[in-house]
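**Q** Return a 3D structure for these sequence lines:
(chains A and B)
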Amino acid sequence: MIITIGYIIISIGLVFMLIGFIGLFKFKNFYSRVLVSSVIDTASFITITIGIIFIKGFSFFSLKIVLILLLMLFLNPLATHTIARGAYTSGLRIGDDD
Amino acid sequence: MKYIINHKIFILFLTVIWCILCGSFSIFTVAEGFLLSSFAVFISCHIPGGAQFLHSINISFFMFLKFIFILFIDIYSSTFSIFKLIFTSNISPRLVPIKTTLNNEWSIFFLANAITLTPGTVTVNRKGNKLLILTTYPEKSDKIINPNIVKALRKGVKH
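**A** Alright, predicted model coming up:
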């Protein structure tokens, strides 16, 4: 039962990822893409990891997955911030690349 | 010895991570993790600026868990708002300067991280307690920072 729930959660994560990719290809503006990409690297990633934890149950493997999740919670914003700040400081204004 | 006493919680945290990575909580692994963590903290304190860095963070565990819980709820609620915007092609990014009431460096760091983690908002720049945020939400539904997150951070992260 728990394994089935895990697979359902992973499927929901994959749906999040799919919608995120649709958004990425739909918008041509750089800043819109940065904003939409958070759906993939945060919501989708967290959902898939929670699904894996459900499948594996309480074990060292799950604890390692939790460690990876915590690491990604710190590193994802760092990458997104660096990309957005790089564009902003290099002079790309909103609407420049429409 | 004074390093171990001063940073006992951080050393304990590192020891737990060591045990998780080794895949065992046996006495030998815990002792090994404790020794290596103590050595790592000792070395960090001798790097210029390292001791100051280790002293300046003081996190209340339960309030921080509450912060992560609120953050997860926020992430999912804004994910669904972003889905709505994706399917209606209604994304119009804008830069909004925001002044936070937090004055602790670490809490501002966690707040900026939380803002960037939430889909639809990205922290672009920071000067003191002023944050420049790239957001996509229409101006009328302006809820860029959840006040509960600020409240949890104020109680959870102290000097």
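**Q** Am I right that A:Arg93 sits in a strand?
**A** No. Assessed with DSSP: H, G, I helix; E, B strand; the rest coil, A:Arg93 is coil; it does not lie in a strand.
**Q** In chain A, what helix or strand scores lowest on average pLDDT?
**A** Least confident helix or strand, chain A: helix A:30-38 with a mean of 86, by mean pLDDT, DSSP states H and E.
**Q** how close does B:Thr15 get to A:Ile65?
**A** To A:Ile65, B:Thr15 is 20 Å away according to C-beta to C-beta, to the nearest Å. For every residue, glycine as well, the C-beta is placed using N, CA and C.
**Q** how many neighbours does the closest residue to A:Ile40 other than its chain neighbours have?
**A** Excluding its sequence neighbours, the residue lying closest to A:Ile40 (C-beta to C-beta, 6 or more residues apart in numbering or on different chains) is A:Gly20, at 3.7 Å. Close neighbours of A:Gly20, defined as other C-beta atoms under 10 Å in any protein chain shown, add up to 24.
**Q** Could you do the one 5 residues further on as well?
**A** Burial of A:Phe25, expressed as a neighbour count using other C-beta under 10 Å, amounts to 10.
**Q** can you pull the pLDDT of it?
**A** Looking at A:Phe25, its pLDDT stands at 88.
**Q** if we can go back for a sec, got the contact list for the residue nearest to A:Ile40?
**A** Going by C-beta atoms under 8 Å, 6 or more residues apart in numbering or on different chains, A:Gly20 touches A:36-37, A:39-40, A:43-44.
**Q** Might you list the low-confidence residue ranges for chain A?
**A** Chain A contains residues with pLDDT under 70 at A:95-98.
**Q** The residue lying closest to B:Ile20 once chain neighbours are set aside: neighbouring residues, count only.
**A** Excluding the flanking residues, the one nearest B:Ile20 by C-beta to C-beta, 6+ apart is A:Leu63, at 4.5 Å. Counted with other C-beta under 10 Å, the neighbours of A:Leu63 add up to 18.
**Q** which secondary structure element contains A:Leu63?
**A** In this structure, A:Leu63 is located in helix A:60-89 according to DSSP states H and E.
**Q** mind checking the SS state of B:Ile98?
**A** Applying three-state DSSP: B:Ile98 is strand.
**Q** if we can go back for a sec, and the residue nearest to A:Ile40, how close does it get to A:Ser44?
**A** Counting by C-beta to C-beta - A:Gly20 and A:Ser44 are separated by 6 Å.
**Q** one step back: okay, B:Thr15 and A:Ile65: which has more neighbours?
**A** Neighbours per residue (other C-beta under 10 Å) separate B:Thr15 from A:Ile65, with B:Thr15 holding more: 20 against 17.
**Q** show me what contacts the nearest residue to B:Gly23 once chain neighbours are set aside?
**A** With sequence-adjacent residues excluded and distances taken as C-beta to C-beta, 6+ apart, B:Gly23 is closest to A:Phe60, at 4.4 Å. Going by C-beta under 8 Å, 6+ apart, A:Phe60 touches B:20, B:23-24.
**Q** picking that back up, relative to the whole chain's centre, how far out is the helix holding A:Leu63?
**A** The chain centroid and the centroid of helix A:60-89 are separated by 9 Å under C-alpha atoms, centre = their mean, to the nearest Å.
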